[in-house]
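Trainee: Fold the following.
(4 chains)
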2 protein chains.
Amino acid sequence: MVTLAEVARHAGVSASTVSYVLSGKRPISAVTRRRVTASIEQLGYQPHAGARALASSRSRIIALMVPLRTDMYVPVMLEIAVAVATTARAHGYDVLLLTGEEGPSALRRVTGSGLAEAVILMDVQLDDGRLPVLRTAGPPAVLVGLPADPAGLNCVDLDFRAAGALCVDHLAGLGHREIAVIGESPGVYARHTGFAERTLSGLRSRAAEREVRMLHRPCEGSHDAVAGVLARILDERPHVSAFVVQNETAVEPLLALLRRTGRAVPEDVSVVAVCADQIAAQASVPLTSVAIPAQELGRRAVERLIARLTGRPDGEGAAGVELLTPVLTVRDSSGPPPPPRTPGA
Amino acid sequence: MVTLAEVARHAGVSASTVSYVLSGKRPISAVTRRRVTASIEQLGYQPHAGARALASSRSRIIALMVPLRTDMYVPVMLEIAVAVATTARAHGYDVLLLTGEEGPSALRRVTGSGLAEAVILMDVQLDDGRLPVLRTAGPPAVLVGLPADPAGLNCVDLDFRAAGALCVDHLAGLGHREIAVIGESPGVYARHTGFAERTLSGLRSRAAEREVRMLHRPCEGSHDAVAGVLARILDERPHVSAFVVQNETAVEPLLALLRRTGRAVPEDVSVVAVCADQIAAQASVPLTSVAIPAQELGRRAVERLIARLTGRPDGEGAAGVELLTPVLTVRDSSGPPPPPRTPGA
DNA sequence: CTGAAAGCGCTAACAG
DNA sequence: CTGTTAGCGCTTTCAG
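Mentor: Numbering: from 1, shown residues only, chains lettered A, B, ... in the order given. Sure thing, here's the model as predicted:
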C-alpha cells in the first residue's frame, strides 16, 4: 500500500506538505503542488480512510437508517436512499446503511465509535424511539419525516398536511361534496407514522372548512383488501363521488375495481392520489396526484447535514423543520362529479 | 471521548489486556475479564472505528453497490440491500452504500483507501464494466447476478435459466402449446442484464425441447405499453393460451387488460410470473409464479464474503458460482388451455 | 511558503 | 495469564 510518506519522499517534500496539498488548508507554491500531485498520480496513492478518521476525528461518513419493513412506499424509500448517497458523494461523504431494526443503539454505536459523523433517519414515527438519543447530546442528525414534537430536531419532509388539503381543494373546486380516502395499511396508522397521520389531518380539516363530507379507511395493498374496503365505502356512502388514495399498491386494484363495477373515471368518479409521480403517471388511468419528491427529500437532508457539519457549530441551519410545498398535477382521473341522478330516471 | 487507555487505568490493567478482552484473541482470567468489562460498562467505552481500522487494517465494512436506475425490480433491490445489511451486522460488519453510477472507480476508491474490506455488486450486466477491477487483484467481491464470464468471480443468483425452463414445463405440462413472454423494458435487454437474458434463454431452450411455440416481447411498465404489446401478441399469435411475465409493473395492467377483453384467467388464458412472491400473491388474480428469493440472495452474498474474509486466503468458497434452485408456486392463474374452438361454433 | 515531530486510539508482536 | 512497546498512516501544531 502506498502511504503519504512514500509520496513525500518521491516528491522530495515533507509529509505535511503532501497533506496540505491534499487538504488545501494552507498555501502551497504552484511548483511543489505540481510535483506532489504528479507523485500521487504516479504512485496511485490513496489516503487511508481509517488513519484520516483517527487523526482528524472526522470519518466523512453519514449513517442512513432505512426502515426494515417494506410494507409501504418501497420505491420512494429506495429513491431517497439513492439520492442521499449521490448527494453525499458530491460533498465528499460516504453513506453507511443501517436498518431501522437496530434502533437507537445502532445510532449510538456508529456515532460513538466515530464511524459516522452524522445520521439521517427515514420512516420517522410520531413518537420515535430514536429521538431521545438525538436530543440528548446526540450526533448531528436530520430526519426525513416529522415527529410529533420536532423541537430541537432537524427535519425535512413533504408538507403532507398541505398535500391533504390540496387534494380536498382540488376536488371541492370541481364540485365534489362527498369523498372517501383510501389510506395506508392499518399497521401504518397503528405505528403512528408521521406522514400518514399528517395527510389525514390535512384532509380532515380542509374538508371541514369546505364542507365536504369525508370518510377514511386504512387499506392493505392486496386486491381483495381493496375490494373489501371499496365495497364497504360504497355501501356506507353511496354518494361518494371522489377518492383520495394514499397507498401505492392500492392504486391499480382500485382502478380495476371501479372499471369492473361500471364506474368510469373521471366521469362517474374522480380519483386523486398521493404517491410517487411515476406510479401516478403510469397508472391505467393517468392519475391526478400530489407527488412525493423523493430525490428532493434525500438531497435536502444531506445538504442540511453538510451545512451543519461544515458550518460553525450550532450556527445557521442547525435545527428547524423544512416542509416542502406539495404540488398537485392534474392528469386524467379527476373531473366534476356526475350530475345528481334524477329520481326515477 | 473514552479511550481504551482510560479503561485500562480504571480497571487497573494494561491496554493490551483490555484489547484482548475485547477481541478474545488470548485467554483472560475470569477475574480480570470481569473487572475490565465492568470498567467498559461504567465508562461507556466505545472503541474508535478509525483507530481499529488503522491498527488492524480491517475496517469491518462491506461496500454494497446498488443500481442507480430504478426501472425494474425496485422492491427486490431494497429487500436484497436490507438483507445484506442485516446479515452483515450479524457478523459484526457494517455496510457502505454505493450507487452504481459511480462505476469501477468507486470500487477502487473505497477499497484502496481501506474504507471497505470487500464489495457486493448488484445489478450485474453480462459484460459489466466493473468486473475487470475485480479480476485484477481486486478486493474480495461477490456479485448478486451472473455475468457472461464468471471465471474467477464469486457469484450468487437465482438460476434464472432454470426458472424460465420451469415456467415452460409447468405450462407444457398443463397442455399449452403456444405461449407468449412479456419481458422487462427494452432497456434492460439492451444493457444485457444477466437475469433477463438468462431467463429468456431458459424459456427458449425448454420451449424448443417441449415443442412449445414461443414469442418474446420486451415491455415498458406503463398500462399503455402493456396494452400495445398485448394487442400485438394477440394479433400475431391468436392461439396463444398462456403468458409468462417477467416484469413487476406489467403484472396488474396485463391482468386488467385480459379481463377487459373478456379473457378469464385461468380458464381462457394462463399467466405465470417471475417476480417477488408478494407481488404474485397480492395480484388481482393470485399468480402462479417463480419467486425471486431476495433475502436469501442478500444473505448468501454476505455469508460467502465473510467466509472468504475470515477463512484462509483463497481457501474454501473463494470463488465460484452459486445458483439457487427456483421454486414455482402454483396459485390461481394457471390451468389447462381452453379446448380448441370448434370451427363454426 | 515548507519541515519536524507529536500524537490520534488501537492492535499485535515480543517478553515474561 | 498479563504487561511493554512499537507502530498503523495521517493531521496539525510549532518552528522556521
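Trainee: make it CA atoms for all contacts and neighbour counts henceforth
Mentor: Fine.
Trainee: mind giving me the domain ranges of chain A?
Mentor: By the assignment in automatic domain parsing, chain A contains the domains A:4-56, A:61-158+A:294-324, A:160-292.
Trainee: Determine how far the first one lies from the middle of the whole chain.
Mentor: Right, the one you point to is domain A:4-56. Remark: domain A:4-56 is offset 39 Å from the chain centroid, using Cα atoms, centre = their mean, to the nearest Å.
Trainee: Please apply the same query to the last one.
Mentor: The gap between where domain A:160-292 is centred and where its chain is centred comes out at 20 Å by Cα atoms, centre = their mean.
Trainee: what about A:Leu22, how many neighbours?
Mentor: 15 (other Cα atoms under 10 Å in any protein chain shown).
Trainee: got the residues of the stretch 51-200 of chain A near DNA strand D?
Mentor: A:Ala51, A:Arg52, A:Leu54, A:Ala55, A:Ser56 (Cα under 7 Å from any atom of the strand).
Trainee: run the last query once more with 10 Å
Mentor: A:Ala51, A:Arg52, A:Ala53, A:Leu54, A:Ala55, A:Ser56, A:Ser57, A:Arg58 (Cα under 10 Å from any atom of the strand).
Trainee: Any chance of TSV for those, columns pLDDT, distance to A:Val95 and secondary structure?
Mentor: Below are these laid out as TSV (pLDDT from 0 to 100; distance: Cα to Cα, whole Å; DSSP: H, G, I helix; E, B strand; the rest coil):
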residue	pLDDT	distance to A:Val95	secondary structure
A:Ala51	98	18	helix
A:Arg52	97	17	helix
A:Ala53	97	15	helix
A:Leu54	97	18	helix
A:Ala55	97	20	helix
A:Ser56	96	18	helix
A:Ser57	95	17	coil
A:Arg58	96	14	coil
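Trainee: Might you report the residue contacts of A:Lys8?
Mentor: Careful, residue A:8 is Ala and not Lys. A:Ser14, A:Ala15, A:Thr17, A:Val18, A:Val36 (Cα atoms under 8 Å, 6 or more residues apart in numbering or on different chains).
Trainee: Get me the contact residues on the stretch 51-200 of chain A for chain B.
Mentor: Proximity of the stretch 51-200 of chain A to chain B, by Cα under 8 Å from any Cα of the partner chain, involves residues A:51-54, A:59, A:68, A:70, A:74-75, A:78-79, A:82, A:85-86, A:94-99, A:109, A:112-115.
Trainee: Try it again at 6 Å.
Mentor: A:Ala51, A:Ala53, A:Leu54, A:Val74, A:Pro75, A:Val95, A:Leu96, A:Leu97, A:Ser113, A:Gly114, A:Leu115 (Cα under 6 Å from any Cα of the partner chain).
Trainee: B:Ala51 is in contact with the last one, correct?
Mentor: No. A:Leu115 is beyond contact range of B:Ala51, at 10.1 Å (criterion: Cα atoms under 6 Å).
Trainee: Name the residue in the two with the higher neighbour count.
Mentor: Between A:Leu115 and B:Ala51, counted using other Cα under 10 Å, the more crowded position is A:Leu115 (25 against 20).
Trainee: For A:Ala294, see how far away the residue lying closest to the more buried one once chain neighbours are set aside is.
Mentor: Closest residue to A:Leu115 apart from its sequence neighbours, by Cα to Cα, 6 or more residues apart in numbering or on different chains: B:Ala49 at 5.5 Å. Distance of B:Ala49 to A:Ala294, computed by Cα to Cα, to the nearest Å: 32 Å.
Trainee: Where do the helices of chain A begin and end?
Mentor: With helices called from DSSP state H, chain A shows them at A:4-11, A:15-23, A:30-43, A:49-56, A:74-90, A:103-112, A:131-135, A:160-174, A:186-190, A:194-209, A:223-236, A:251-260, A:277-282, A:294-310.
Trainee: Any chance of these in TSV with distance to B:Pro286 as columns?
Mentor: Conversion of those to TSV gives the following (distance: least, Cα to Cα, whole Å):
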stretch	distance to B:Pro286
helix A:4-11	61
helix A:15-23	58
helix A:30-43	58
helix A:49-56	50
helix A:74-90	21
helix A:103-112	35
helix A:131-135	41
helix A:160-174	32
helix A:186-190	22
helix A:194-209	28
helix A:223-236	9
helix A:251-260	13
helix A:277-282	21
helix A:294-310	31
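Trainee: Dump these to JSON lines, plus distance to DNA strand C.
Mentor: Listed next are those as JSON lines, based on distance: least, Cα to the nearest atom of the strand, whole Å:
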{"stretch": "helix A:4-11", "distance to DNA strand C": "8"}
{"stretch": "helix A:15-23", "distance to DNA strand C": "5"}
{"stretch": "helix A:30-43", "distance to DNA strand C": "5"}
{"stretch": "helix A:49-56", "distance to DNA strand C": "3"}
{"stretch": "helix A:74-90", "distance to DNA strand C": "24"}
{"stretch": "helix A:103-112", "distance to DNA strand C": "10"}
{"stretch": "helix A:131-135", "distance to DNA strand C": "21"}
{"stretch": "helix A:160-174", "distance to DNA strand C": "43"}
{"stretch": "helix A:186-190", "distance to DNA strand C": "40"}
{"stretch": "helix A:194-209", "distance to DNA strand C": "38"}
{"stretch": "helix A:223-236", "distance to DNA strand C": "52"}
{"stretch": "helix A:251-260", "distance to DNA strand C": "51"}
{"stretch": "helix A:277-282", "distance to DNA strand C": "47"}
{"stretch": "helix A:294-310", "distance to DNA strand C": "19"}
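Trainee: do you know which of those lies nearest B:Asp128?
Mentor: helix A:74-90 (20.5 Å; Cα to Cα).
Trainee: quick check: angle from that closest one to helix A:294-310?
Mentor: 40 degrees (axes from the mean of the first three to the mean of the last three Cα atoms, to 10 degrees).
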